[in-house]
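>>> Fold the following.
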Amino acid sequence: MNAIDITKAKNPDQRASLVALQRAAALARETAIQTNTNIVIVENGKVVRISAEELRRQASEAKKS
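The predicted structure follows:
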């Protein structure tokens, strides 16, 4: 399923799962910043590490927008 399919799912838990995943990702980023650790994600099929410093920069840019 993709994001559009999930929002149209009959099961309310499936519909809510996308928002829950987004909340979890935001919390993981906040925790990484607080503990000065990297997060690891998969982007375009490749494992990518994002440093706490980069997360701080991204958060700063997001607040400016």
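>>> Every contact and neighbour count from this point should use C-alpha atoms.
Will do.
>>> The closest residue to Thr7 other than its chain neighbours: which element?
Nearest non-adjacent residue to Thr7, counting by C-alpha to C-alpha, 6 or more residues apart in numbering: Arg15, 4.9 Å away. Using DSSP states H and E, Arg15 sits in helix 12-35.
>>> can you check Arg49 too?
Per DSSP H and E, Arg49 falls inside strand 46-50.
>>> Buried ones in the helix holding Arg15, by neighbour count?
Using 16 or more other C-alpha atoms under 10 Å as the burial criterion, the residues of helix 12-35 that qualify are 15, 18, 29-30, 32-33.
>>> Roughly how far does the residue of the chain positioned farthest from its centre sit from Gln22?
Largest separation from the mean C-alpha position in the chain: Lys10, at 24.4 Å (C-alpha atoms, centre = their mean). Per C-alpha to C-alpha, to the nearest Å, Lys10 is found 20 Å from Gln22.
>>> How about Arg57?
Counting by C-alpha to C-alpha, the gap from Arg57 to Gln22 is 19 Å.
>>> do Pro12 as well
Between Pro12 and Gln22 the computed distance is 16 Å (C-alpha to C-alpha).
>>> Glu53 contacts Ile33, doesn't it?
Yes. With contacts counted by C-alpha atoms under 8 Å, Glu53 reaches Ile33, the gap being 7.4 Å.
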